[in-house]
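>>> coords please:
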Amino acid sequence: MTRHHPALVRLTYGLSTLALSALLTAPLAAQSGARRAAPSTRAIAEVSLTLVDTAAQRAAGKAAVMRIDYGQPHLRGRHINTDSLVPFGTVWRLGANGATLFTTDVDLTLGGKDVPKGRYIAQLLPARTGWTLILQAETTGAASVNLTPYDAKKDVARIELRQSTSTTPLESLSIWLVPSTVPGAQRGELRIGWDTALLTADWVVR
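Model (predicted):
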């Protein structure tokens, strides 16, 4: 029978106790210093307009684009048309956190309204009788822009959106720029969906 030296036994026991203690306390330490997931994300919708590139864009290998960069909030058990989320009759930021930015490298007709090429802050006015997309010029060129209080004098275009109801609620605000395959001028559809609301407008390159 092998005999262990008492001091060695005590040392081994002490190390085992320390190791077990470390294993038990590590998850607690990790939890106390853990970072919470953000309640919203950032998303981009973009379509390349290769048939209307300028010579300079072709030389640079950069296609003309339409692009929407927006904060993407999630329902998390809520419904959009409530006083705390997207109330009727109040201009809404169309997203979360920073301003929603709509950029077009070409002149467009969007929902029947002329939209010159440029960069815009996009907002939305929900109403029981119909929803309106509002574009205001953005001239700073900053990667992200903080939204200032709404001022109707800055409106460049107000675009009436078609409204329908989705049978399957969308958890996250989603925006699409869907190109058409129809021959002729490049065209497509802007779609905005959240919860059971689906809003659309046609766009065509001028």
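>>> quick one: the helices in the protein?
6-32, 55-60 (DSSP state H).
>>> in terms of mean pLDDT, which of those helices ranks lowest?
Looking at those, the lowest mean pLDDT belongs to helix 6-32 (a mean of 42).
>>> now do whichever strand in the chain runs longest: distance to the chain's middle.
Criterion DSSP state E: the longest strand present in the chain is strand 155-179. Averaging C-alpha positions (Cα atoms, centre = their mean, to the nearest Å) puts strand 155-179 13 Å from its chain's average.
>>> now do the buried residues in it.
V156, A157, I159, L161, L170, L173, I175, L177 (16 or more other Cβ atoms under 10 Å). (C-beta placed from N, C-alpha, C; glycine too.)
>>> so what's the third one bridging to?
What it means is I159. L133 (DSSP bridges).
>>> quick one: pLDDT of it?
pLDDT, I159: 98.
>>> pretty sure it sits against W131.
No - with contact defined as Cβ atoms under 8 Å, I159 and W131 do not form a contacting pair (9.6 Å).
>>> re the thing from before, with respect to V52, which of the buried residues of strand 155-179 is nearest?
Of all the buried residues of strand 155-179, V52 sits closest to L177, with 14.5 Å by Cβ to Cβ.
>>> tell me who's in contact with the closest one.
A45, E46, V47, M66, R67, I68, G188, E189, L190, W203 (Cβ atoms under 8 Å, 6 or more residues apart in numbering).
>>> neighbours of the first one, how many?
The reference is to A45. 18 (other Cβ atoms under 10 Å).
>>> then the fourth one?
M66 has 25 neighbouring residues, counting by other Cβ under 10 Å.
>>> against T165, how distant is it?
From M66 across to T165, the span is 26 Å (Cβ to Cβ, to the nearest Å).
>>> low-confidence ranges in the chain?
Along the chain, the parts satisfying pLDDT under 70 run over 1-39, 53-54.
>>> could you rerun that using 50?
2, 4-30 (pLDDT under 50).
>>> I192 and A122 touch, don't they?
No - at 9.5 Å, I192 does not count as touching A122 under the criterion of Cβ under 8 Å.
>>> anything in contact with each of those two?
Common neighbours of I192 and A122 (Cβ under 8 Å, 6+ apart) are L94, L133.
>>> what is the nearest of the contacts of L177 to A142?
The closest of those to A142 turns out to be R67 (Cβ to Cβ; 14.9 Å).
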